[in-house]
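# give the three-dimensional model of this entry:
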Amino acid sequence: MAIIKPFKAIRPAEDKASFVATRSYEEYSKDELKSVLKYNPFSFLHILNPGFKFHKNISGKERFRLVHNRYLEFLEDNVFLKDNEPCFYLYQISKGRFKTLGFFCACSVVDYENDVIRKHEDTIQRREKLFADYLDTVGFNAEPVLMTYADNSTISALLGTEASKSPVYNFTTTDKYNHQLWKIGDSSTIKQLQKAFEEMDALYIADGHHRSASSHLLAEKKKTKNDEHTGHEAYNYFMAYLIPETAIKIYEFNRMVKDLNGLSKEEFLIALDELFRIEKKDDGLYKPTQKHHFSMYLDGEFFSLYLRKKVYKITDALSELDTQILYKTILEPILGIHDLRNDKRISYGYGKHNVIQMKDAIDSGNFAVGFSLVPTSMDEIKAIADAGLVMPPKSTYIEPKLRSGLAIYEF
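Predicted coordinates:
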């Protein structure tokens, strides 16, 4: 039984939505960030980068306090307005053939505790605490956790009806993506959506494991300080964006390693031969097309690696995952990469042109070898989450990537 709640969002004034909405902070280059901050006074980046006002880099708790202050200024200047009634917020992103339709809601930390909201990634405790402290200071959540649910005809019909109405926002950003947002405030529609989700066994986190973990940590902290805690307080929920499983787009992360761990090319290939059938590819760029097959670029040549399944034993959903297979057969035992998250010898890349970029990085001498995989599937993510297992880092690059600042959850 999954709990979803409508909430009174803090949203941009209609005439300013296109100026407020931003990509994730980490996606901006230093020069691009400086330009946006200089020429767009309504950008949500001003809230996230409050030191710009003082021409100073500010970090830590001082930055958290100033983020809160910039947020208050946006409210005082009516850049942000607060809705009077709790709503769900339908949000569609589209470009060419790409289109995804989901909605913002509040999800329960109790569901997170009870594994109704299921995870497939590990979180780092230090980052959990840092973001929980941030949320506690600023008092709002502007980046939703991206979660998926099993495709459901009732939900699809309800959302389709709402999407046929005139949107509150309708604008196109400079990357040519169109953004539309609708308020779902009708009590009957809200109840029907809630009932449909109550009948679901689970929701799955696609992106935002640290955000959800931090929200849970914050709720625990506030609960212990509140003698009149009821479980209905705003801090018992966090903002999520829910979309059906079929709307998720999953891309692979390639791996590049700086050296062969002291092995010559020939010694490395002989070591690989124990677990893989190796074939050299002479027809240009090569990408794998099925599970348990890998592309390798080494010394100016592409190779296909076919897993010898009689040698490698698959025992559970994790051991069947290509990123885990690569780790357990090559990266750890042969190349000596034990810590996939922190080892400086390994790097990751994603995107449809990444095989070319991987080749260029190796040809330039920055790396010695690279591996390309097929994308992880949604079924694999669910199998890992259902079994309570954890994927290796950088197993998935997931879209849609949402704009920040269109809907904000206060607690």
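
# hang on, isn't S377 packed against I248?
No - judged on C-beta atoms under 8 Å, S377 makes no contact with I248 at a distance of 9.9 Å. Every residue, glycine included, has its C-beta placed from N, CA and C.

# the two: which is more packed in?
The neighbour comparison of S377 against I248 (other C-beta atoms under 10 Å) goes to I248, with 22 against 14.

# residue contacts, the more buried one?
148, 206, 378, 398-399 (C-beta atoms under 8 Å, 6 or more residues apart in numbering).

# kindly report the same for S214.
127-132, 134-135.

# that one: which element?
In this structure, S214 sits in helix 209-225 according to DSSP states H and E.

# on that earlier part again, closest to A385 among the contacts of S214?
Of all the contacts of S214, E128 has the smallest distance to A385: 18.4 Å, by C-beta to C-beta.

# contacts for the helix or strand containing the closest one?
Element membership for E128 (DSSP H and E) is helix 125-138. The list of residues contacting helix 125-138 from outside it, by C-beta under 8 Å, 6+ apart, reads 61, 64-65, 67-68, 71, 141, 210-211, 213-215, 217-218, 221-222, 411.

# and the helix or strand just after that helix, what does it pack onto?
Next helix or strand after helix 125-138 toward the C-terminus (DSSP H and E): strand 140-141. Judged by 3 or more C-beta pairs under 8 Å, 6 or more residues apart in numbering; DSSP states H and E, the packing partners of strand 140-141 are strand 409-410.

# for the strand it packs on, give the mean pLDDT please.
For strand 409-410, the mean per-residue pLDDT is 97.

# which other residues reach it?
Contacts for strand 409-410 (C-beta under 8 Å, 6+ apart): 7-10, 82, 106, 139-142, 144, 234, 237-239.

# ok so K291 is a strand residue?
No - assessed by DSSP: H, G, I helix; E, B strand; the rest coil, K291 does not belong to a strand; its assignment is coil.

# contacts only, for it.
With contact taken as C-beta under 8 Å, 6+ apart, K291 is in contact with 322, 374.

# could you rerun that using 10 Å?
For K291, the contact set (C-beta atoms under 10 Å, 6 or more residues apart in numbering) comprises 307, 320-322, 325, 373-374, 376-377, 380.

# coming back round to it: CA atoms of the helix holding S214 as CSV?
Provided in CSV are the C-alpha atoms of helix 209-225 (Å, rounded to 0.1, in the frame of the first residue of the first chain):
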residue,chain,number,x,y,z
HIS,A,209,18.4,7.7,-3.2
HIS,A,210,20.3,10.3,-1.1
ARG,A,211,17.4,12.8,-1.2
SER,A,212,15.0,10.2,0.1
ALA,A,213,17.4,8.8,2.8
SER,A,214,18.1,12.4,4.0
SER,A,215,14.4,13.1,4.2
HIS,A,216,13.9,10.0,6.3
LEU,A,217,16.8,11.1,8.5
LEU,A,218,15.4,14.6,8.9
ALA,A,219,12.0,13.2,9.9
GLU,A,220,13.6,11.0,12.6
LYS,A,221,15.4,14.1,13.9
LYS,A,222,12.3,16.2,14.0
LYS,A,223,10.2,13.4,15.5
THR,A,224,12.5,13.1,18.5
LYS,A,225,12.2,16.9,19.1
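
# in it, which residues are buried?
Neighbour counts over helix 209-225 (16 or more other C-beta atoms under 10 Å) mark 209-219, 221-222 as buried.

# tell me the two of those that are most distant?
For the buried residues of helix 209-225, the farthest-apart pair by C-beta to C-beta is H209 and K222; their separation is 20.7 Å.

# can you list the low-confidence ranges for this structure?
Residue ranges of the chain with pLDDT under 70: 351-353.

# can you report phi and psi for the spatially most central residue of it?
Residue closest to the average C-alpha location in the chain (C-alpha atoms, centre = their mean): D207, at 2.9 Å. Note on D207: backbone dihedrals following degrees, to the nearest 10 are phi -150, psi 130.

# mind listing what it touches?
D207 neighbours (C-beta under 10 Å, 6+ apart): 121, 143-148, 241, 248, 396-402.

# give me the buried entries from these.
Using 16+ other C-beta under 10 Å, the buried ones in the contacts of D207 are 121, 143-148, 241, 248, 396-400, 402.

# tell me where the chain has helices.
In the chain, the segments counted as helices under DSSP state H are 17-20, 30-39, 45-48, 60-76, 109-113, 125-138, 153-163, 187-198, 209-225, 265-272, 322-326, 354-363, 378-386.

# list the buried residues in the last one.
Looking back up the chat, that one is helix 378-386. Within helix 378-386, the residues that count as buried by 16+ other C-beta under 10 Å are 378, 380-385.

# can you check the fifth one too?
By 16+ other C-beta under 10 Å, the buried positions in helix 109-113 come out as 109, 111-112.

# circling back: for the buried residues of helix 378-386, could you give me JSON lines that also reports distance to I93?
Below are these laid out as JSON lines (distance: C-beta to C-beta, whole Å):
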{"residue": "M378", "distance to I93": "18"}
{"residue": "E380", "distance to I93": "24"}
{"residue": "I381", "distance to I93": "21"}
{"residue": "K382", "distance to I93": "23"}
{"residue": "A383", "distance to I93": "27"}
{"residue": "I384", "distance to I93": "26"}
{"residue": "A385", "distance to I93": "24"}
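
# tell me the one of the residues you listed nearest T289?
Of all the buried residues of helix 378-386, T289 sits closest to E380, with 16.4 Å by C-beta to C-beta.

# spatially nearest residue to the closest one (excluding sequence neighbours)?
Spatial nearest neighbour of E380, chain neighbours left out: L321 (6.0 Å); criterion: C-beta to C-beta, 6 or more residues apart in numbering.

# the one you found and F238: what is the separation?
According to C-beta to C-beta, to the nearest Å, L321 and F238 sit 28 Å apart.

# go on, R70?
In terms of C-beta to C-beta, R70 sits 22 Å off from F238.

# which of the two has more residues huddled nearby?
F238 (26 against 19).

# excluding chain neighbours, what is closest to that one?
Distances taken as C-beta to C-beta, 6+ apart put S215 closest to F238, at 3.6 Å, once the chain neighbours are dropped.
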